[in-house]
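**Student:** Here's my sequence, what's the structure:
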Amino acid sequence: MNKTESPENDPKPTADLANQALDTILEMKESSEDRPTTQPPLNEKEHRQNWIAKWLPMEPTHQQVIDAQNAVYDFCMAYGKRPARGAHLLIIGENGAGKSRLAKKAARWADDCRSRLPHVACDPWMCDGTVSARRPSVEFHNFPFLLREMTSDFNREWLRELCTPPSAPNLLVLDDIGAEHDPSKYGAAQLYLILESRAQMWTLLTTNCLPAQWEQKWDRRVASRLLRNTQHVFMDQVPDFSTRK
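**Tutor:** Model prediction:
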């Protein structure tokens with residue numbers, strides 16, 4: 001056999017291998033084109049912006065509004081990671097600043113996504129002893145209205161239900177503390193019990209009262225409790241929405 005005709009020098013196997021490689025590349029290209037493309041995950045900044053636009057849509061006409069939106073976002077994200085144990089957020093501002101709107105939107109978000117949040121320990125009496133965990137819960141209350149209900153004999157159990165784990169809501173939103181008419185200081189006593197018993201539970205509050213007014217409005221115990229384990233967000237310079245053009 002001539003040397004140029006030996007299998008080692010035959011160009012045909014080399015050409016076949018090249019064609020096979022080309023076919024493989026074309027198949028891989030077609031396969032990748034058929035697969036649906038997925039969007040890259042949002043970074044933290046994009047997620048924050050999209051979440052605020054969806055759940056806290058407010059016209060950012062003031063820096064304090066932007067700061068409050070970001071504070072509520074951070075509060076909700078922390079709650080979503082560990083709903084069983086947390087801290088307090090207090091939004092402080094005048095009427096019409098948007099405090100209640102932010103509080104209601106946060107409560108709505110927490111209720112909407114509760115099925116996707118981590119389970120929390122369950123009271124066996126409430127769950128009939130069949131399960132050991134439940135979905136986290138959220139409640140929204142306007143404090144003056146709640147206080148009025150709590151004074152009736154029929155609703156004396158409300159305080160226990162709001163404050164006693166694990167039956168208490170994992171997130172409690174109390175709107176407008178300080179707006180109640182409370183000459184006897186009964187409301188101050190109830191507010192202190194709520195704050196004290198929920199010291200390590202997620203609680204979002206709003207008030208018109210500035211820190212310098214707390215001790216006079218309620219008492220020293222409430223003023224002290226509002227300073228502990230609580231982030232303060234001020235909206236006291238935000239103009240009333242009803243007066244904006």
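
**Student:** Can you tell me how far the residue lying closest to residue 214 once chain neighbours are set aside is from residue 68?
**Tutor:** Excluding the flanking residues, the one nearest residue 214 by C-beta to C-beta, 6 or more residues apart in numbering is residue 223, at 3.9 Å. Placement of C-beta: from N, CA and C, glycine included. Plainly put, residue 223 is 22 Å away from residue 68 if you go by C-beta to C-beta, to the nearest Å.

**Student:** Neighbour count for those two, which is higher?
**Tutor:** residue 68 (27 against 19; other C-beta atoms under 10 Å).

**Student:** Quick check on the more buried one: phi, psi?
**Tutor:** Residue 68 adopts backbone torsions of phi -70, psi -40, taken as degrees, to the nearest 10.

**Student:** now swap in the one 10 residues further on and tell me
**Tutor:** Per-residue torsions, residue 78: phi -70, psi -40 (degrees, to the nearest 10).

**Student:** how many neighbours does it have?
**Tutor:** 14.

**Student:** For it, which residues are in contact?
**Tutor:** 86-87 (C-beta atoms under 8 Å, 6 or more residues apart in numbering).

**Student:** What confidence value was assigned to it?
**Tutor:** pLDDT recorded at residue 78 is 97.

**Student:** Same check on the one 10 residues further on?
**Tutor:** Residue 88 carries a pLDDT value of 98.

**Student:** How about the one 5 residues further on?
**Tutor:** With respect to pLDDT, residue 93 has a value of 96.

**Student:** Okay, it and residue 238: tell me how far apart.
**Tutor:** 6 Å.

**Student:** Show me whatever sits in contact with both of those two.
**Tutor:** residue 64.

**Student:** separation between the nearest residue to residue 168 once chain neighbours are set aside and residue 81?
**Tutor:** In space, and not counting its chain neighbours, residue 168 is closest to residue 162: 5.7 Å by C-beta to C-beta, 6+ apart. Distance, residue 162 to residue 81, using C-beta to C-beta: 23 Å.

**Student:** swap in residue 107?
**Tutor:** 18 Å.

**Student:** higher neighbour count, the two?
**Tutor:** residue 107 (21 against 10).

**Student:** Is it correct that the more buried one is in contact with residue 173?
**Tutor:** Yes - with contact defined as C-beta atoms under 8 Å, residue 107 reaches residue 173; the gap is 4.5 Å.

**Student:** Now the common contact residues for these two.
**Tutor:** Joint contacts of residue 107 and residue 173 (C-beta under 8 Å, 6+ apart) are 138-140, 204.

**Student:** Keep only those of the residues you listed that are in strands.
**Tutor:** 138-140, 204 (DSSP state E).

**Student:** what residue lies at the spatial centre of the protein?
**Tutor:** With distances taken as C-alpha atoms, centre = their mean, residue 76 lies nearest the centre of the chain, 1.7 Å away.

**Student:** Now do the contacts for that one.
**Tutor:** Contacts of residue 76 by C-beta under 8 Å, 6+ apart are 55, 106, 109-110.

**Student:** With residue 202 instead?
**Tutor:** 75, 79, 83, 86-88, 170-172.
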